[in-house]
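**Q** Compute the structure for the input listed below.
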Amino acid sequence: MRARIEQRGGPGVWLAAAIWLWAGQTAWGQVPPPAGAPGSGGGSLGLKAGQEISSERIQELYRRILTDWSSGQVDRAPDELIELETAVVSDEEPKTRKRLFEAEQAVIHQVGANDLEVLVPIAVLHHEAYRRLIDGPVLGRALVINHTRKMARDLAVLYKQQSGTEGASLVASRVLTSLGGMLLRSAQYPSASDMLEEAIALDGRNVSASLALSTIYEKNGQYKSAEEVLRQLLAADPAHVEGRFRLAVTLRRLEKPEEAQKILEELVAAPETSWVNALAFQELALLESGQGKTSAAEKVLRTAIERYPEDVRLHIQLASVLDRRGASAEAGALVEKALTLPAEGVSSARWLYNSARPDIFEEARSFLAENSRSRLPMLAQALGAPVATATGVGR
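**A** Residues are numbered from 1 along each chain as shown. You can find the predicted model right below:
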């Protein structure tokens, strides 16, 4: 099922291997960050990018950041982590990233020696820092952004490998799903594909990852791969409306019209008026028209316009069908009416279909927040810090 977008390197599980052995088991074109922004030198740690920081000091600060995270400082700790990592890592000197990794690794080894569960909130901390990093200025931050994402990914995989439980697989899968979603939003399709494929390998019932991965395959014209992952999605959730619709679109493109039509007819027969339902009408009419069934296509579109009277695309689509059968006057009237309808914006059905919508990944991020929050007391105990109840973790 793993369809390659392009040639890529290995899986990069160096962090998992390194910590396991140590345990003995045993961007472009944006302006620099403004003053006060994470990593600008105006943060709570008082660090400046490029300053010399010893490994011992990095460990000390990293422990402080983990302590803040474990005590419920969920807004402060990720910014502190960004400030620390941005101060240490330089794109001009790749070895700085290795020094940061080794220092963070030492702390993780110490606090995780007796309880693997602390890896979950640490992974989520790096996940949250990565989300904030990519939402801000990226000039000169390529290496640190990659490091932060890799830490989140590898800590999650390490937790799964060392725990070996089904719950650990679910947690790791959701970390990778959310990271994949952020990569997809940034149009980094090969990296997003890798992350989402790995998420599905950890949990075959991860519907969010399957849905997101299918959109990447579709954007790259890999319709057979899209079909495979969508069928896996529907095996886990047969009633998933968007999954069924995307499968129908994919089947039409693969010249499997009979199954595609059956799915689309079931979708348009549903009483709801969602964006998926509106697109199902468009796709069914397109399928009928492509088979030369002009009258059937016209009937579908007239029914659709009754349900969605302000849908511009439906009016234009019906006008095209009417023009093809010689009803040019009515076709012209429909076009004129379409010009008076509200312009489609970011809430249009076609835009929603083609975008990396945040709601696809909301389940994964809520799952991570809950699992991280429940383990913060364990992290505090491992750090020797007071145990406090956090009010929220991540978004």
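
**Q** Remind me which helix or strand Ala199 belongs to.
**A** Assigned by DSSP states H and E, Ala199 belongs to helix 189-202.

**Q** Flag every buried residue along that helix.
**A** Tyr189, Ser191, Ala192, Ser193, Asp194, Met195, Leu196, Glu197, Glu198, Ala199, Ile200, Leu202 (16 or more other CB atoms under 10 Å). All C-beta spots, glycine's among them, are computed from the backbone N, C-alpha and C.

**Q** Contact partners for the last one?
**A** In this case it means Leu202. Leu202 is in contact with Lys160, Ser169, Leu170, Ala172, Ser173, Leu176, counting by CB atoms under 8 Å, 6 or more residues apart in numbering.

**Q** Near Ala333, how many other residues are there?
**A** Number of residues near Ala333 (other CB atoms under 10 Å) recorded here: 14.

**Q** what's the distance between it and Arg64?
**A** Using CB to CB, to the nearest Å, Ala333 is found at 70 Å from Arg64.

**Q** Distance from the chain centre to the helix or strand encompassing Pro121, please.
**A** According to DSSP H and E, Pro121 maps onto helix 119-135. Centroid separation between helix 119-135 and its chain, computed with CA atoms, centre = their mean, to the nearest Å, is 13 Å.

**Q** Against which helices or strands is the next helix or strand after that helix packed?
**A** On the C-terminal side of helix 119-135, the closest following helix or strand by DSSP H and E is helix 142-163. The contact analysis (3 or more CB pairs under 8 Å, 6 or more residues apart in numbering; DSSP states H and E) places helix 142-163 against helix 14-22, helix 76-88, helix 95-112, helix 119-135, helix 166-185, helix 189-202.

**Q** could you dump those to JSON lines with distance to Asn277?
**A** As requested, the helices and strands packed on helix 142-163 are exported to JSON lines (distance: least, CB to CB, whole Å):
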{"stretch": "helix 14-22", "distance to Asn277": "44"}
{"stretch": "helix 76-88", "distance to Asn277": "39"}
{"stretch": "helix 95-112", "distance to Asn277": "48"}
{"stretch": "helix 119-135", "distance to Asn277": "32"}
{"stretch": "helix 166-185", "distance to Asn277": "24"}
{"stretch": "helix 189-202", "distance to Asn277": "26"}
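
**Q** who's in contact with Leu155?
**A** Leu15, Ile108, Leu119, Ile122, Ala123, His126.

**Q** Give the buried residues for stretch 275-293.
**A** 275-289.

**Q** before we move on, back to that, in CSV, list the C-alpha atoms belonging to the helix holding Pro121.
**A** What follows is helix 119-135, C-alpha atoms only, in CSV (Å, rounded to 0.1, in the frame of the first residue of the first chain):
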residue,chain,number,x,y,z
LEU,A,119,7.8,9.9,26.6
VAL,A,120,4.3,10.7,25.6
PRO,A,121,4.1,14.3,27.1
ILE,A,122,7.7,15.0,25.9
ALA,A,123,6.7,14.0,22.4
VAL,A,124,3.6,16.1,22.5
LEU,A,125,5.7,19.1,23.8
HIS,A,126,8.0,18.8,20.7
HIS,A,127,4.9,18.4,18.5
GLU,A,128,3.4,21.6,19.9
ALA,A,129,6.7,23.5,19.5
TYR,A,130,6.8,22.3,15.9
ARG,A,131,3.3,23.5,15.2
ARG,A,132,4.3,27.0,16.5
LEU,A,133,7.5,27.0,14.6
ILE,A,134,5.9,26.4,11.2
ASP,A,135,3.2,29.0,12.0
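
**Q** Please work out the average pLDDT along that helix.
**A** Averaged over helix 119-135, pLDDT sits at 96.

**Q** what's His240 sitting at in phi/psi?
**A** Reported as degrees, to the nearest 10, the phi and psi values for His240 are phi -70, psi 110.

**Q** now do Ser54
**A** Phi and psi for Ser54, reported as degrees, to the nearest 10, are phi -70, psi 160.

**Q** same thing with Ser90?
**A** The phi/psi pair for Ser90 (degrees, to the nearest 10) is phi -130, psi 130.

**Q** That one: neighbour count?
**A** Ser90 - counted by other CB under 10 Å - has 17 other residues nearby.

**Q** The closest residue in space to it that isn't next to it in sequence and Glu52: what is the separation?
**A** Excluding the flanking residues, the one nearest Ser90 by CB to CB, 6 or more residues apart in numbering is Thr96, at 5.0 Å. Distance, Thr96 to Glu52, using CB to CB: 10 Å.

**Q** Those two: which is more packed in?
**A** Thr96 (20 against 7).

**Q** neighbours around Leu339, how many?
**A** With other CB under 10 Å as criterion, Leu339 counts 11.

**Q** mind checking the SS state of it?
**A** Leu339 carries the three-state label helix when classified by DSSP: H, G, I helix; E, B strand; the rest coil.

**Q** In a markdown table: the contacts of Leu155, plus neighbour count and distance to Ala343.
**A** Listed next are these as a markdown table, based on neighbours: other CB atoms under 10 Å; distance: CB to CB, whole Å:
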| residue | neighbour count | distance to Ala343 |
| --- | --- | --- |
| Leu15 | 19 | 48 |
| Ile108 | 24 | 51 |
| Leu119 | 28 | 49 |
| Ile122 | 28 | 47 |
| Ala123 | 26 | 43 |
| His126 | 25 | 41 |
